[in-house]
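Asker: Show me the folded form of this:
(one chain, ligands or ions: 2)
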Amino acid sequence: MREAGRILALTHLELEKAIRPGISTWEIDRIGEEIIRSYGCIPSFKNYQGYPASICVSVNDEVVHGIPSRDRILQEGDIVSLDAGVIYRGYHSDAARTHGVGEISKEAQRLIDVTRESFFRGVEYVQPGNHLRDIGRAIQDYAEGFGYSMVRDLVGHGIGANLHEDPQIPNFVSAGRGAKLRPGMTLAIEPMVNEGRYDVVFLDDDWTVVTDDGRLSAHYENTVLVTEDGYEILSLIGGNDECRKRM
Ligand code: MF3
Ligand code: CO
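Answerer: Numbering: from 1, shown residues only. Ligands and ions are numbered 1, 2, ... in the order given. Okay, here's the model as predicted:
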């Protein structure tokens with residue numbers, strides 16, 4: 001899973017370079033799939049429950065699971081979330097990043113930064129003996145402090161020999177403490193943060209999830225290992241130290 005995570009981290013770094021006004025979301029998917037296969041990995045999303053692509057590309061008010069299309073051309077000022085998963089020797093990694101396209105508004109950049117930082121606030125609570133709710137609370141408290149809301153209808157998940165395993169990992173406080181963390185568990189922690197209200201709508205393409213109020217949404221995700229004394233972020237080059245730029 002370390003190797004699956006490393007390859008996915010590199011894939012995201014490459015994909016980020018491709019983001020520019022004028023590129024179609026279909027091209028992003030094609031480039032992503034090519035990178036993943038060049039490492040001898042399988043893009044885990046392709047054909048997963050019928051999902052038709054390798055990379056979920058979600059623009060602006062699309063929260064997650066946007067379907068790449070030749071007709072969807074990124075425009076200056078958009079924000080775009082890229083979510084991808086790879087399988088390396090039977091083991092999965094799953095990670096998402098949100099990028100600005102060209103120059104974006106201060107407000108949009110703040111949403112992206114807060115979403116990413118909320119992940120880091122949450123991951124600080126990954127250690128044996130803590131409960132899943134500790135992670136969700138830290139994520140929620142941070143993002144809601146900016147007036148944003150946490151999507152309720154989608155959550156993070158365990159990951160390993162399958163893309164989605166138990167337990168579910170809410171990015172907010174819900175009933176119960178949630179599972180107790182133990183060394184060796186592997187988690188996909190993935191805050192989805194809405195600029196406005198938390199309500200989302202599932203479109204009839206069977207996949208795309210959009211904000212109900214039409215405002216922006218951002219997503220940030222990594223695959224994380226619970227260690228004896230804390231955590232190791234598997235899908236980030238440089239692991240725990242990488243990109244911890246505080247706002
Ligand atoms: N990355 C998504 C998740 O975190 C999975 C995408 S589902 C797919 O759960 F079908 F699009 F692959
Ligand atoms: Co995930």
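Asker: Quick check: residues of the protein near ligand 1?
Answerer: 45, 48, 49, 51, 56, 65, 83, 85, 94, 188, 190 (CB under 6 Å from any ligand atom). (C-beta placed from N, C-alpha, C; glycine too.)
Asker: contacting residues for the nearest residue to the last one once chain neighbours are set aside?
Answerer: In this case it means residue 190. Nearest-residue entry for residue 190: residue 221, 3.4 Å, with adjacent residues in sequence omitted and distances by CB to CB, 6 or more residues apart in numbering. Each residue near residue 221 by CB atoms under 8 Å, 6 or more residues apart in numbering is listed here: 83, 94, 95, 96, 119, 156, 188, 189, 190, 191, 235.
Asker: Need those in TSV (columns: pLDDT, neighbour count and secondary structure).
Answerer: Converted to TSV, these look like this (pLDDT from 0 to 100; neighbours: other CB atoms under 10 Å; DSSP: H, G, I helix; E, B strand; the rest coil):
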residue	pLDDT	neighbour count	secondary structure
83	99	23	strand
94	98	28	strand
95	98	25	strand
96	98	26	strand
119	98	28	helix
156	98	28	strand
188	99	26	strand
189	98	29	strand
190	98	26	coil
191	98	32	coil
235	98	30	coil
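Asker: Next, give me the two most distant ones among these.
Answerer: Across the contacts of residue 221, the longest distance by CB to CB is 14.4 Å; it joins 191 and 235.
Asker: Adding distance to residue 71, write the residues of the chain next to ligand 1 out as a markdown table.
Answerer: A markdown table is the format used below for the residues of the chain next to ligand 1 (distance: CB to CB, whole Å):
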| residue | distance to residue 71 |
| --- | --- |
| 45 | 20 |
| 48 | 23 |
| 49 | 24 |
| 51 | 18 |
| 56 | 17 |
| 65 | 17 |
| 83 | 20 |
| 85 | 25 |
| 94 | 27 |
| 188 | 30 |
| 190 | 27 |
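Asker: From what I see, residue 96 and residue 219 are in contact.
Answerer: Yes - in this structure residue 96 lies within contact range of residue 219 using CB atoms under 8 Å: 4.6 Å.
Asker: Now list whatever residues contact both of the two.
Answerer: Residues within reach of residue 96 and of residue 219 at once, by CB under 8 Å, 6+ apart, are 64, 81, 83, 190.
Asker: which one of these sits closest to residue 131?
Answerer: Nearest member of the shared contacts of residue 96 and residue 219 to residue 131, counting by CB to CB, is residue 190, at 17.9 Å.
Asker: That closest one touches residue 98, doesn't it?
Answerer: No - contact criterion CB under 8 Å: residue 190 and residue 98 do not qualify, at 11.3 Å.
Asker: related to what we said a few turns ago, of the contacts of residue 221, which ones also sit close to ligand 2?
Answerer: Counting by CB under 5 Å from the ion, 94, 188, 190 from those sit close to ligand 2.
Asker: Just the closest of these to residue 109, please.
Answerer: For those, the nearest to residue 109 is residue 190 (20.0 Å; CB to CB).
Asker: Residue 24 versus that closest one, what's the distance?
Answerer: According to CB to CB, to the nearest Å, residue 190 stands 25 Å off from residue 24.
Asker: who touches residue 230 in this structure?
Answerer: So residue 230 contacts 126, 127 (CB under 8 Å, 6+ apart).
Asker: gap between it and ligand 2?
Answerer: 21 Å (CB to the ion, to the nearest Å).
Asker: who touches both of residue 190 and residue 98?
Answerer: Common contact partners of residue 190 and residue 98 (CB under 8 Å, 6+ apart): 219, 220.
Asker: For ligand 2, see how far away residue 44 is.
Answerer: According to CB to the ion, residue 44 and ligand 2 sit 10 Å apart.
Asker: again with residue 186
Answerer: Per CB to the ion, residue 186 is found 12 Å from ligand 2.
Asker: now swap in residue 98 and tell me
Answerer: From residue 98 across to ligand 2, the span is 14 Å (CB to the ion).
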